[in-house]
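Chemist: From the sequence below, what's the structure:
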Amino acid sequence: QLQLVESGGGLVQPGGSLTLSCATSQYTLEYYAVGWFRQAPGKEREAISCISSTDESTYYADSVKGRFTISRDNSRNTVYLQMTSLKPEDTSVYLCNAEHGPTSQNYWGQGTQVTVSS
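Modeler: Coordinates of the predicted model:
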């Protein structure tokens with residue numbers, strides 16, 4: 001069972017930046033596509049970004065395109081989400097998901113809270 005741990009959330013002012021991390025200490029993330037999702041109270045879970053396991057191609061939702069950057073460091077078994085120009089509407093719990101390419105097994109972290117407020 002792959003265990004994912006998100007970190008890096010917190011309180012930030014509008015226009016500020018945060019970098020989230022999604023890490024595992026058990027297995028390599030090399031063969032997993034990893035995505036970042038967010039879910040605010042009363043709202044549906046939203047896929048905001050993902051990075052492939054093969055060619056590191058990336059996807060961004062329109063709501064974060066140009067402001068967020070996803071990257072991975074397989075040597076550290078970590079995927080990052082760099083968030084800039086944060087807005088109050090980015091306030092949410094951010095969760096990472098890893099999908100194993102060969103088996104399609106799917107794992108979720110517990111989430112980290114991001115609050116954008118002055």
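
Chemist: Give the bridge partners for the most centrally placed residue in the chain, please.
Modeler: The centroid of the chain falls nearest to Trp36 when counting by C-alpha atoms, centre = their mean (3.0 Å). Note on Trp36: beta-bridge partners Ser49, Cys96, judged by DSSP bridges.

Chemist: element containing Glu99, please.
Modeler: Glu99 belongs to strand 92-100 when elements are defined using DSSP states H and E.

Chemist: Check the offset of that strand from the chain's centre.
Modeler: From the chain centre to the centre of strand 92-100 is a distance of 6 Å (C-alpha atoms, centre = their mean, to the nearest Å).

Chemist: separation between the residue nearest to the centre of the chain and Ser63?
Modeler: Note on Trp36: its distance to Ser63, by C-beta to C-beta, to the nearest Å, is 12 Å. Yep, even glycine has a C-beta here, placed from its N, CA and C like the rest.

Chemist: Overlap of the contact sets of the two?
Modeler: Common neighbours of Trp36 and Ser63 (criterion: C-beta atoms under 8 Å, 6 or more residues apart in numbering): Ile48.

Chemist: which residues sit against the strand holding Glu99?
Modeler: Taking C-beta under 8 Å, 6+ apart as the rule, strand 92-100 contacts 2, 4, 6, 9, 20, 22, 24, 29, 31-40, 43, 45-46, 79, 81, 105-114.

Chemist: packing partners for the following helix or strand past it?
Modeler: Beyond strand 92-100 on the C-terminal side, the first helix or strand identified by DSSP H and E is strand 106-108. Identification of packing neighbours for strand 106-108 by 3 or more C-beta pairs under 8 Å, 6 or more residues apart in numbering; DSSP states H and E yields strand 92-100.

Chemist: avg pLDDT for the strand it packs on?
Modeler: Computed over strand 92-100, the mean pLDDT rounds to 96.

Chemist: residue contacts, Gly109?
Modeler: Leu4, Val5, Glu6, Cys22, Leu95, Cys96, Asn97.

Chemist: In space, what's closest to it - neighbours in sequence excluded?
Modeler: Leu4 (3.6 Å; C-beta to C-beta, 6 or more residues apart in numbering).

Chemist: And for Ser85?
Modeler: Arg67 (4.7 Å).
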